[in-house]
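# I would like the atomic coordinates for the input below:
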Amino acid sequence: MSMIKRGTQVPARGLLLACGLLLMASPALAASTDEGIVDVQTLPKLQGAFENNSRPDPHRVQYGVPTVVAVTAAAVKKMLSADGWVPYVRPLDETNTNLAFKKGRQGLSVSFTQGLGRPDQSAVSYSPNRIYSNVPFPEGAIDLVFDETRPYLGCIAPAALEATRDFYTRDMAAIGWRKLTPATATSWPNADLTETVPNGVRAYYDHPDGDSTGFYKQKPVMLTLTRRDDGRTNVDIRIAPFALPTNLEAEDMSGLPAPKPYKSAGGRGDARSNRRELTVAALADLAAVLAFYHREFTTRGWTEEGNAPLVPGDEVALKFSSPEENGVLHLGRKYDFTMVHLTAQVKESVLAARAKAKKDADDKFMQDAEAMAKQVIAADEARRKVQAAALSDAPLNALADSKTPVPLPENAQEVTFNGDDGRLEFNATSSVKALAAFYRASLKQAGWKEQPSVINQPNMAVMEFAKGGKSISMTVMQMGPKVNVSADGSGLVMAAAKPASSNKTTSSNPADTQANAFGPLEADPESALPVPKQHSSTSLGTAKLPGIEAPFRRELEASVPAGLSDVLAFYRGELTKLGWQEKPDGAVISADRVQLAFASPQGPAVLKLGRANGETSVNLVQKNPDAATKADIMPKPGQAKLLFGNMGAQDAQLTINKQTVKVAAGAGGPQSPKAPMLDLPPGKYQYSLKMPGRPARNDTIDIAAGDAWGLMVGPTGEVLPVQMY
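Numbering: from 1, shown residues only. Next up is the predicted model:
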């Protein structure tokens with residue numbers, strides 16, 4: 001791809017106006033110019049770019065191009081390199097798909113995202129990046145690894161050793177670095193400036209404070225140049241060893257000691273875990289880190305057990321133990337870091353003892369609970385038998401001159417009927433069996449057809465009837481010495497109903513009066529999950545990860561201007577057509593609330609109905625365990641799972657349940673779908689978010705067993721909890 005050329009011609013009047021505005025603004029611009037910050041508005045853009053000016057920002061440029069991200073990133077790298085910008089990667093950040101550039105003392109960050117809903121397009125963002133620790137890059141150098149926040153550079157210079165040495169002698173002095181000598185190194189009594197390097201040279205530099213070059217305070221650096229077999233030169237610039245800390249402080253992570261200062265650190269597990277793990281990139285020499293762990297092991301009462309087998313990258317591996325754990329410490333060097341990997345595993349004997357103690361406690365709890373339950377059940381059974389004995393199983397006759405749409409039994413008491421809302425409720429001294437038989441017989445004679453129900457017990461029966469597009473839902477339940485009958489549905493609506501007792505209530509909500517004015521409910525063929533056409537509002541959400549077609553969770557929210565019993569009858573019919581099976585476990589059916597569990601072909605589902613603003617609210621959730629397992633987000637049995645994502649341009653650090661998780665910029669997005677995850681017991685947790693240059697944010701999240709939630713960090717540093725499964 002080629003660049004859009006700068007210097008486009010403009011009409012003369014526009015040019016004169018622009019010149020006038022520039023003259024007026026120039027004093028303010030001169031006063032606020034920061035030579036360490038690039039003006040991103042002047043940078044070249046790819047051909048075919050279309051700018052996004054919806055949120056103007058003088059320190060950021062965003063534009064789109066009609067190519068996929070991979071092609072766009074390669075083209076931007078080539079274009080900016082041709083403009084004098086040198087690309088580099090940061091230590092331990094090799095997999096980051098964003099780009100970093102340096103030009104003199106200015107830095108530039110370039111990020112890429114897939115176009116919204118357009119995988120064939122991509123968005124490009126330019127942001128200035130301040131270079132706090134500037135060192136020269138040899139022209140034509142390759143494999144550049146650079147950290148702009150502290151003096152570190154590793155690369156291969158194309159020139160020979162002598163030419164590269166001359167380059168650094170000249171260019172380090174040009175930007176304010178001073179070569180250390182015994183006379184200028186007196187403030188560093190441990191400095192050894194005489195050390196030699198086989199097949200190379202070494203020199204030390206410092207950078208005096210208050211220099212006009214605009215540098216921030218710097219520690220002395222060590223420059224090492226070594227000759228390569230191919231005639232080129234290896235370059236390494238890092239903080240001088242004598243300027244590094246030797247007595248390191250400890251920070252507790254997952255109950256394990258982490259040495260400070262560090263570039264990055266993270267722990268997994270806690271005091272309840274069978275295995276704990278710690279990884280740290282420490283800004284110290286290996287000897288200082290090893291001394292730190294010798295000290296910490298002794299302080300914590302851990303015993304060193306000798307050397308452990310080395311793994312690739314190790315320079316030191318030690319075994320240690322405590323009364324309950326065995327552990328291994330691995331130390332190695334990468335870039336200018338000492339890499340720490342520390343693991344602690346609970347001993348098998350301790351696990352066995354814990355398991356036995358837990359089993360004993362569980363057994364005792366279950367024995368006590370069983371004994372208590374038997375007592376309660378026995379007492380309740382005795383009470384119920386006494387109460388049931390007083391209820392009559394004798395056949396019932398209909399009450400004469402009843403004003404309700406369905407007959408009332410002759411012994412009906414405390415009758416309440418609301419014809420506007422289609423609700424009927426009364427008590428009787430007959431048994432559940434007798435009342436259920438009365439209504440099955442009388443409604444069948446009136447032409448009503450009963451729908452199958454899974455609830456038909458001696459102390460409770462639920463019946464569903466339908467006729468001519470109308471429905472009635474009836475619940476008969478023993479309530480102490482009486483049996484309560486409650487019914488609702490469009491078959492009970494009467495526009496000019498008269499009260500069956502002085503206890504009649506009327507509705508003042510017009511929406512209730514017209515709630516069943518639409519006739520029989522019909523399914524909307526455009527919806528992925530069943531919803532009546534007559535809905536007043538509806539929304540369907542799906543949860544899935546990039547690269548996985550099947551969603552692992554679907555949730556339908558709707559509001560339907562119809563009676564709750566009508567909507568319940570609709571869903572029982574439609575879900576049965578889809579092969580869903582209603583489960584009696586935990587079923588709740590009342591006049592204003594329904595909760596039913598289903599087994600669908602894809603997985604478990606829950607239907608919740610309620611009443612609000614004269615309409616029936618619908619919440620239908622379906623889970624897909626196979627898709628969740630494939631996406632690696634399926635919670636462990638009895639546990640909940642958290643996924644962490646970061647849509648911002650900066651790395652974030654989230655701490656929850658005493659565990660700290662580093663969430664890289666872009667993690668969980670289209671270019672980095674594999675997000676950090678964490679398994680936790682169900683409960684309510686407080687979490688804290690930290691991002692560079694932003695205040696810490698704290699909030700809580702409540703997670704249940706079997707659920708998977710995502711904590712997504714937004715571009716402006718907010719955290720959005722999203723239920724994924």
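
# ranges for the helices of the stretch 51-200 of the chain?
For the stretch 51-200 of the chain, applying DSSP state H, counting those that start in this stretch gives helices covering 69-82, 161-174.

# out of these, nearest to residue 276?
Nearest to residue 276 among the helices of the stretch 51-200 of the chain is helix 69-82 (37.7 Å), distances taken as Cβ to Cβ. Just so you know, the C-beta spots here come from the backbone N, C-alpha and C atoms, and that holds for glycine as well.

# Look at residue 473 and say how many residues are nearby.
Applying other Cβ atoms under 10 Å, we find 27 residues neighbouring residue 473.

# Check the gap between it and residue 143 for me.
73 Å (Cβ to Cβ, to the nearest Å).

# what's the spacing between the residue nearest to residue 642 when sequence neighbours are not counted and residue 543?
Nearest non-adjacent residue to residue 642, counting by Cβ to Cβ, 6 or more residues apart in numbering: residue 678, 4.6 Å away. As defined by Cβ to Cβ, residue 678 lies at a distance of 18 Å from residue 543.

# Neighbour count: those two, which is higher?
Under the criterion of other Cβ under 10 Å, the comparison of residue 678 against residue 543 puts residue 543 first, with 21 against 16.

# for the more buried one, what are its contacts?
551, 552, 553, 554, 722, 723, 724, 725 (Cβ atoms under 8 Å, 6 or more residues apart in numbering).

# mind putting these in CSV, pLDDT and secondary structure included?
Putting the contacts of residue 543 into CSV (pLDDT from 0 to 100; DSSP: H, G, I helix; E, B strand; the rest coil) gives the following:
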residue, pLDDT, secondary structure
551, 85, coil
552, 84, coil
553, 88, strand
554, 89, strand
722, 81, strand
723, 84, strand
724, 81, coil
725, 83, coil
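
# Could you identify the buried members of those?
By neighbour count, with 16 or more other Cβ atoms under 10 Å, the contacts of residue 543 hold 551, 552, 553, 554, 724, 725 as buried.

# can you put those in TSV and add distance to residue 67?
What follows is these, written out as TSV (distance: Cβ to Cβ, whole Å):
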residue	distance to residue 67
551	29
552	31
553	33
554	33
724	31
725	34
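
# Which pair in the residues you listed has the greatest spatial separation?
Largest pairwise distance in the buried ones among the contacts of residue 543, by Cβ to Cβ, is 11.7 Å, between 554 and 724.

# Now the one helix or strand the residue nearest to residue 642 maps to: buried residues?
Secondary structure from DSSP states H and E places residue 678 in strand 677-680. Going by neighbour count (16+ other Cβ under 10 Å), the buried part of strand 677-680 is 677, 678, 680.

# For the residue nearest to residue 642, give its distance to residue 665.
Going from residue 678 to residue 665 by Cβ to Cβ gives 19 Å.

# still on that earlier bit, what's the model's confidence in the strand holding residue 678, averaged?
Averaging the model's pLDDT scores along strand 677-680 yields 89.

# Show me what the helix or strand just after it is packed against.
Using DSSP H and E, the helix or strand that follows strand 677-680 in sequence is strand 683-690. Counting contacts by 3 or more Cβ pairs under 8 Å, 6 or more residues apart in numbering; DSSP states H and E, strand 683-690 packs against strand 652-656, strand 697-703.

# Mean neighbour count and distance to residue 132 for those strands - can I get that in a markdown table?
Below are these laid out as a markdown table (neighbours: other Cβ atoms under 10 Å; distance: least, Cβ to Cβ, whole Å):
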| stretch | mean neighbour count | distance to residue 132 |
| --- | --- | --- |
| strand 652-656 | 20 | 20 |
| strand 697-703 | 14 | 25 |
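
# Same list, these, but as CSV with mean pLDDT and distance to residue 235 please.
Listed next are the helices and strands packed on strand 683-690 as CSV, based on pLDDT from 0 to 100; distance: least, Cβ to Cβ, whole Å:
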stretch, mean pLDDT, distance to residue 235
strand 652-656, 90, 32
strand 697-703, 87, 41
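
# So which of these is nearest residue 355?
strand 697-703 (25.4 Å).

# so the closest one versus strand 652-656, what angle?
Interaxial angle of strand 697-703 relative to strand 652-656 (axes from the mean of the first three to the mean of the last three Cα atoms, to 10 degrees): 50 degrees.
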